[in-house]
Structures are given as C-alpha cells and as structure tokens.
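Novice: no sequence on hand, only this structure:
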C-alpha cells in the first residue's frame, strides 16, 4: 500500500496533470494536493528527479506567473486585475 505522495509521484512520472486532475484521480481534495506538492518537490532531489511546473497564466492578458514560488492559485492577475487564471500542470522528469 502506497501513501498519497507516493501515488502522486507515480502518476506524475507517467503523465502531466493539474492539481484538480490529481485530486480527482486520488480521491482527495485539491487543497490537499497543494499541501503535498512542496514535500514531493523536496523528496525528489535525492532521486535526481525534478518536479516540472508549467506555471499559472492569466487568460485575460496572458501574463505568466513564472517567478511564483507558492503552489497555490493566485487570487488575481497583478497587471489586469482579472481573476481568470489558468491552472498549472505538473510533471516529474
């Protein structure tokens, strides 16, 4: 029996997924996925693997949140002030 983090690592090694897709696949809430992601990123370092994040992007103006350190969704775009934010996807290589 694997832990949720181990299951997430196995899934993300196979395919690219968003936090919502992961939550539906694993049967946990999306907020819980965001809590596990920083731990997963740190635990991959000794295995010489990386958690690749395709960042949040504003759907209204196209701003990419490339420098964002947090895994949770931003409330709104700092440039156009709209809250139409595309979710990031995660993948392990």
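Specialist: Sure, I can see it. Nothing here was measured: the structure is a model prediction, and the numbers come from that model. Residues are numbered from 1 along each chain as shown.

Novice: and the longest helix for this protein?
Specialist: helix 30-43 (DSSP state H).

Novice: now that helix, how far from the centre of its chain.
Specialist: 8 Å (Cα atoms, centre = their mean, to the nearest Å).

Novice: and that helix, what does it pack against?
Specialist: helix 4-14, helix 19-26, strand 51-54 (3 or more Cβ pairs under 8 Å, 6 or more residues apart in numbering; DSSP states H and E). (C-beta placed from N, C-alpha, C; glycine too.)

Novice: which parts of stretch 7-21 are buried?
Specialist: 7-9, 11-12, 17-19, 21 (16 or more other Cβ atoms under 10 Å).

Novice: of those, just say which sits nearest to residue 48.
Specialist: For the buried residues of stretch 7-21, the residue nearest residue 48 by Cβ to Cβ is residue 9; the value is 13.6 Å.

Novice: show me what contacts the nearest residue to residue 19 once chain neighbours are set aside?
Specialist: Leaving out its chain neighbours, the residue that sits closest to residue 19 by Cβ to Cβ, 6 or more residues apart in numbering is residue 33, at 4.4 Å. Neighbour list for residue 33: 8, 19, 22-23, 26 [criterion: Cβ atoms under 8 Å, 6 or more residues apart in numbering].

Novice: circling back to that earlier point, any chance of the buried residues of stretch 7-21 in TSV, with pLDDT too?
Specialist: TSV is the format used below for the buried residues of stretch 7-21 (pLDDT from 0 to 100):
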residue	pLDDT
7	96
8	97
9	97
11	97
12	97
17	96
18	95
19	94
21	96
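
Novice: circling back: quick one: the residue nearest to residue 19 from residue 41, how far?
Specialist: 13 Å (Cβ to Cβ, to the nearest Å).

Novice: next one: residue 67
Specialist: Counting by Cβ to Cβ - residue 67 and residue 41 are separated by 16 Å.
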